[in-house]
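[1] predicted coordinates and the sequence they were generated for:
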Amino acid sequence: MQQLSRLARLGGLRLRSGLPCSGSASLQGIPYILQLNLQQRDQPLYQDSTAYWSWHAACVQSCSSRSFSSTFSAAGQYVQSWDDNEKGPIDPFAIAEPEIDSISERLRQSLLTDIPALGRAAEYFFQIGAEGKRLRPTMLVLMASAFSAVLPSADLLTVDPSPVNHHPVDMRRRQQRIAEITEMIHVASLLHDDVIDNAETRRGMKALNSAMGNKIAILAGDFLLARASVSLASLRNTEVIELLSQVIEHLVSGEILQMTSEPEELLSIDHYIKKTFYKTASLMANSCKAVAILGNQPREDCQLAWEYGRHLGLAFQFIDDVLDFTSSSGELGKPNLNDIKSGVITAPVLFAAEQHPELVEMIQRKFKGDGDVTRANELVFDSRGIQRTRNMADEHCKLAADTITRFSDPQSAHARVCRRALTQITNRVLTRSK
């Protein structure tokens, strides 16, 4: 353990306390960053003590080399929030953070324009500290690594300086573009939704429509979709272009479904789930599949990636609908009870209506009557609506986690870790409070 700690110190790393470093020849007994260095040098690790100590000696010798230090400087950032025992904690966001930071910075740079007002509006929710949870790009970076045979090299963790219309030669750069495109589409949908809902706050700050007006917010959303389309075209993959274009169609379809539902549709849980897929889960499903396609994965794995994104997206929205009732405005960064105040029907209300028929008429008039919002809130809490919605989210999280177990065999130690991280994300979605 002392020798391995010395290796880590030479590389500028800090080993987690409790990290299993017994000196065993098995992969699980070796600190992860040293596994990465081994993979970087294309040296196979055999399950015998002779191979282990040969590898150990090579690592000691290479600690003073420049190439080993560069591996530590980039890949070392992946280490500190999880252990390699396959039983301990893992933080999916920390694993992906170095790559996500570079993607976020490239996003900000790609939104530069010679029209200052448009630039300020477009980057409003991409400013440092205003980026939100960054769940989608984290999920996509982990999905790319879950199928990869190698760790991203140090240069791929830096900001890509190429123009938005430039075709990325490297596969990982193309997959990173999907993360950028997904964030631009997502934020564009938020800007448009906030105009429709006349929202005042978003992510704990003034909504863009409240800060700069509806017209600017709508045009900023359009600008983001335009930039996303240019970046998407640069990938030169018609299947991926079709997938992400379909997302934009689904976003519009979901909003129209929400605005024009017939009274009987408003009471249908199937109608609600269809709308939720269009508005939330389609983006996650199709972007996961796009990453797998760009990684040249088998069709079966591409479809499993789509299923993971679909189930995770549905679960995410179901929990979001619960939090609208159970969390404060301060926790959410936006007003609570926002859905029923806006006449939006969600699962907790639909399930509560099965116990309290009084809610049916309120649903059909979209809570426009005097006292409807207050009374509906009381009835939801006096029902199993919130718990049944959580149960539905739990089921979809389990289904998402199950898809990970059906992927083709992992091609690297890092791929195994990222699959664990994708599974952990399902738990994060289920237990989040904002």
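    Here it is on my side, so go on.

[2] from what I can see S287 touches R136, true?
    Yes. With contact defined as C-beta atoms under 8 Å, S287 reaches R136; the gap is 6.9 Å. Yep, even glycine has a C-beta here, placed from its N, CA and C like the rest.

[3] any common contacting residues for the two?
    Residues touching both S287 and R136 (C-beta atoms under 8 Å, 6 or more residues apart in numbering) are A179, T182.

[4] name the residue in the two with the higher neighbour count.
    Taking neighbours as other C-beta atoms under 10 Å, S287 and R136 compare with S287 leading, 30 against 23.

[5] the more buried one is in what secondary structure piece?
    Counting by DSSP states H and E, the element that carries S287 is helix 282-294.

[6] quick one: mean pLDDT for that helix?
    Averaged across helix 282-294, the pLDDT comes to 98.

[7] what inclination does the very next helix or strand once past it have with respect to helix 282-294?
    Going down the chain from helix 282-294, the next helix or strand is helix 299-326, by DSSP H and E. Between helix 299-326 and helix 282-294, the angle formed by their directions is 160 degrees, by axes from the mean of the first three to the mean of the last three C-alpha atoms, to 10 degrees.

[8] helices of the stretch 301-434 of the chain, start to end?
    329-332, 338-341, 347-355, 358-364, 372-381, 385-405, 413-431 (DSSP state H, counting those that start in this stretch).

[9] restricting to C-alpha, output the first one in PDB.
    The reference is to helix 329-332. This file holds the C-alpha atoms of helix 329-332, laid out as PDB (Å, rounded to 0.1, in the frame of the first residue of the first chain):
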ATOM      1  CA  SER A 329     -39.400  27.000  -4.500                       C
ATOM      2  CA  GLY A 330     -36.000  27.600  -3.100                       C
ATOM      3  CA  GLU A 331     -35.000  24.000  -3.600                       C
ATOM      4  CA  LEU A 332     -36.400  23.800  -7.100                       C
END
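
[10] could I get the phi/psi values of K206?
    phi -60, psi 130 (degrees, to the nearest 10).

[11] count the neighbours of it for me.
    K206 has 14 nearby residues by other C-beta under 10 Å.

[12] my guess is it contacts D194. True?
    No. Applying C-beta under 8 Å as the test, K206 and D194 come out as separate, 10.1 Å apart.

[13] enumerate every residue touching D194.
    Listed by C-beta under 8 Å, 6+ apart, the contact partners of D194 are R202, A207, L208, N209, S210, A217.

[14] try 6 Å
    If a contact means C-beta atoms under 6 Å, 6 or more residues apart in numbering, then D194 has R202, A207, N209 as its contacts.

[15] in strands, which of the residues you listed fall?
    In strands, defined here by DSSP state E, the members of the contacts of D194 are R202.

[16] about what we covered before: most packed of the helices of the stretch 301-434 of the chain?
    Comparing the helices of the stretch 301-434 of the chain on average neighbours per residue, with mean count of other C-beta atoms under 10 Å, the densest one is helix 347-355 at a mean of 22.

[17] name the nearest residue to the residue nearest to the spatial centre of the chain, ignoring sequence neighbours.
    Geometric centre of the chain, nearest residue: R136, 2.2 Å, by C-alpha atoms, centre = their mean. Spatial nearest neighbour of R136, excluding adjacent residues (C-beta to C-beta, 6 or more residues apart in numbering): T182 at 5.0 Å.

[18] and if you look at M139?
    I425 is the one closest to M139 (C-beta to C-beta, 6+ apart), at 6.1 Å.

[19] quick one: which of the helices of the stretch 301-434 of the chain is nearest V169?
    Closest approach to V169 among the helices of the stretch 301-434 of the chain is made by helix 413-431 (22.1 Å; C-beta to C-beta).

[20] and the gap between H186 and A421?
    Distance from H186 to A421, counting by C-beta to C-beta, to the nearest Å: 20 Å.

[21] actually, H396.
    H396 is 18 Å from A421, where distance means C-beta to C-beta.

[22] likewise T113?
    35 Å.

[23] what's around the nearest residue to D160 once chain neighbours are set aside, how many residues?
    Using C-beta to C-beta, 6+ apart and skipping residues adjacent in sequence, the residue nearest D160 is R106, 5.2 Å away. Number of residues near R106 (other C-beta under 10 Å) recorded here: 21.

[24] do the one 4 residues further on as well
    Other residues lying near S110 total 22 when counted by other C-beta under 10 Å.

[25] I figured it was touching H166, is that so?
    No. Contact criterion C-beta atoms under 6 Å: S110 and H166 do not qualify, at 10.5 Å.
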